[in-house]
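Chemist: any chance you can model this:
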Amino acid sequence: MPISSGSDADLTAALADAVRAAAADRRALEIRGAGTRAGQGRPVAGERLEVAGHRGVVDYDPAELVLTARAGTPLTEIEALLAANGQMLAFEPPRLGRGGTLGGAVATGLSGPRRPFTGALRDYVLGVRILDGRGQVLRFGGTVFKNVAGFDAFRLMAGAHGELGVLLDISLRVVPRPAVEAARTLDLAPEPARQRVAELMRRPLPLSGAFHDGERLHLRLSGGRAGVAATADLVGGAEADPGDWTAIRDLAHPVLSGGGGLWRIALPRTGPAGDFEALPWDQAGGVRWLRAPAPPTGAEAAAAALGGHLQRIRGAAGPAFQSLPAPLLALHRRLKAALDPEGILNPGRMYVEA
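Modeler: Predicted structure coming up:
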């Protein structure tokens, strides 16, 4: 079901018509943007609903630190506009290719290396406009940060993988870019490095990234010139290029790229890592990375025992997400039934049972 435009366009009416027709016939739809994040969920057996043509910045007020854009707008265009005004997306979403869209970033919900220092993607979503499974246009939230009366339904869209609605427009809080950035590398093993980062994070230091490649600790510093320089002296190590963090953010670093699958193992940042201790980590130790065709037997149970979970990122077999406990799965089903009663939007994208 191709619905496209060669330039910025509002395709709300055409997309709503397509969803209403599919709901009437109970035809499943696979919501598709640029396709750069297709490996993060289960395949959907349905007619493709192309949303990349629904694109363009709807509103942007640098003084108010708020941007609203259509879901098909490429991340690269949004970040270029923000950079021209000295601003950025604090949650630093992995771009995973030049065509990646804002809607894809929000739907998959992944944050980048800045997350432990500035917050997660969902924390910066102020409001959304969506199509529900009936083809109705719904608006949740708004365009101001203190718009939190009632249930924050708009945040449910972050990480829902399109199962709860077709994202149309997204309003985000943006932040000023730091004056300077610096990077350091230290020769520390994974666990001593994580302890070192935990110690540093107890102090008001301009840390904005902590990544371990299995051999070395990589730190990024962002802020005012004097604070960054003083912190660089404090942490020591060897000077590195802050530009190297682009590859870390976009999961293109050598330990994260190449053949085979990539699995994201989220764990409590300061807790034990168990069998995952030797793996490369990001987000100050809160995310472990496993390159393998499939996770080892028992990995799901091991992650759950540590208070974490697994997620497939790309190119691998096996379940895309850790199985949900029965109460959470029941809640997921109720939300799905309320917003998509015919179950036509990306059915089974996250879980076989829903």
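Chemist: from now on I want contacts and neighbour counts done on CA atoms only, so please keep to that.
Modeler: OK.
Chemist: report the buried residues of the helix or strand bottoming out on mean pLDDT in the chain.
Modeler: Sorted by mean pLDDT, DSSP states H and E, the helices and strands of the chain end with helix 153-156, the least confident at a mean of 85. Neighbour counts over helix 153-156 (16 or more other Cα atoms under 10 Å) mark 154-155 as buried.
Chemist: same question for stretch 57-70.
Modeler: The neighbour-count check on stretch 57-70 (16+ other Cα under 10 Å) flags 57, 60, 65-70 as buried.
Chemist: make a markdown table out of these and add secondary structure, pLDDT and distance to E92.
Modeler: Listed next are those as a markdown table, based on DSSP: H, G, I helix; E, B strand; the rest coil; pLDDT from 0 to 100; distance: Cα to Cα, whole Å:
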| residue | secondary structure | pLDDT | distance to E92 |
| --- | --- | --- | --- |
| V57 | strand | 96 | 18 |
| Y60 | strand | 96 | 18 |
| L65 | coil | 96 | 16 |
| V66 | strand | 96 | 16 |
| L67 | strand | 97 | 15 |
| T68 | strand | 97 | 17 |
| A69 | strand | 97 | 17 |
| R70 | strand | 97 | 18 |
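Chemist: mind picking the one among those that's closest to D123?
Modeler: Within those, distances to D123 taken as Cα to Cα reach their minimum at V66, with 13.2 Å.
Chemist: if we can go back for a sec, which two in the buried residues of stretch 57-70 are spaced the farthest apart?
Modeler: Distance extremes for the buried residues of stretch 57-70: the farthest pair is L65 and R70 at 17.1 Å, using Cα to Cα.
Chemist: now the strands for the stretch 151-300 of the chain?
Modeler: Secondary structure of the stretch 151-300 of the chain (DSSP state E, counting those that start in this stretch): strands at 166-173, 175-176, 180-186, 207-212, 217-223, 238-240, 262-266, 281-282, 287-291.
Chemist: how much distance is there from the longest one to the middle of the chain?
Modeler: Read that as strand 166-173. Mean-position distance between strand 166-173 and its chain equals 14 Å (Cα atoms, centre = their mean, to the nearest Å).
Chemist: run me through the strand neighbours of that strand, direction for each.
Modeler: strand 66-70 (antiparallel), strand 125-131 (antiparallel) (DSSP bridges).
Chemist: what's the closest of those strands to L82?
Modeler: strand 66-70 (9.0 Å).
Chemist: who wins for proximity to F321 among the strands paired with strand 166-173?
Modeler: Among those, the nearest to F321 by Cα to Cα is strand 125-131 (22.9 Å).
Chemist: keeping just the C-alphas, turn that closest one into PDB.
Modeler: Taking C-alpha atoms only, strand 125-131 is exported to PDB below (Å, rounded to 0.1, in the frame of the first residue of the first chain):
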ATOM      1  CA  VAL A 125       8.500  13.100  23.900                       C
ATOM      2  CA  LEU A 126       6.000  15.800  24.700                       C
ATOM      3  CA  GLY A 127       3.100  14.700  22.500                       C
ATOM      4  CA  VAL A 128       2.100  12.600  19.500                       C
ATOM      5  CA  ARG A 129      -0.600  12.500  16.900                       C
ATOM      6  CA  ILE A 130      -1.400   9.000  15.800                       C
ATOM      7  CA  LEU A 131      -3.900   6.900  13.700                       C
END
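Chemist: contacts for the helix or strand where R312 lies?
Modeler: Element membership for R312, per DSSP states H and E: strand 309-314. For strand 309-314, contacts defined as Cα atoms under 8 Å, 6 or more residues apart in numbering pick out 37-41, 261-267, 300, 303, 319-322.
Chemist: now swap in stretch 132-144 and tell me
Modeler: Outside stretch 132-144, the residues touching it (Cα under 8 Å, 6+ apart) are 15-20, 23, 66, 68, 126-131, 147-148, 152-154, 164-166, 171-172, 339-345.
Chemist: buried members of those residues into ChimeraX, please.
Modeler: The following ChimeraX line selects those of the contacts of stretch 132-144 that are buried, judged by 16+ other Cα under 10 Å:
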select :15,16,18,19,20,23,66,68,126,127,128,129,130,131,154,164,165,166,171,172,339,340,341,342,343,344,345
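Chemist: domain ranges for the chain?
Modeler: 12-176+331-339, 180-249, 262-314 (automatic domain parsing).
Chemist: turn these into TSV, including distance to L256.
Modeler: Output for the domains of the chain, formatted as TSV (distance: least, Cα to Cα, whole Å):
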stretch	distance to L256
domain 12-176+331-339	12
domain 180-249	8
domain 262-314	7
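Chemist: which among those is found nearest to M350?
Modeler: Short answer: domain 12-176+331-339, nearest of those by Cα to Cα, at 5.7 Å.
Chemist: now find how far off-centre the closest one is within its chain.
Modeler: With Cα atoms, centre = their mean, you get 10 Å for domain 12-176+331-339.
Chemist: kindly report the same for stretch 239-250.
Modeler: Distance of stretch 239-250 from the chain centroid (Cα atoms, centre = their mean) equals 18 Å.
Chemist: now the helices: where do they sit in this structure?
Modeler: For the chain, the helices defined by DSSP state H cover 12-25, 75-84, 102-108, 115-118, 153-156, 190-201, 225-235, 245-249, 299-305, 326-339.
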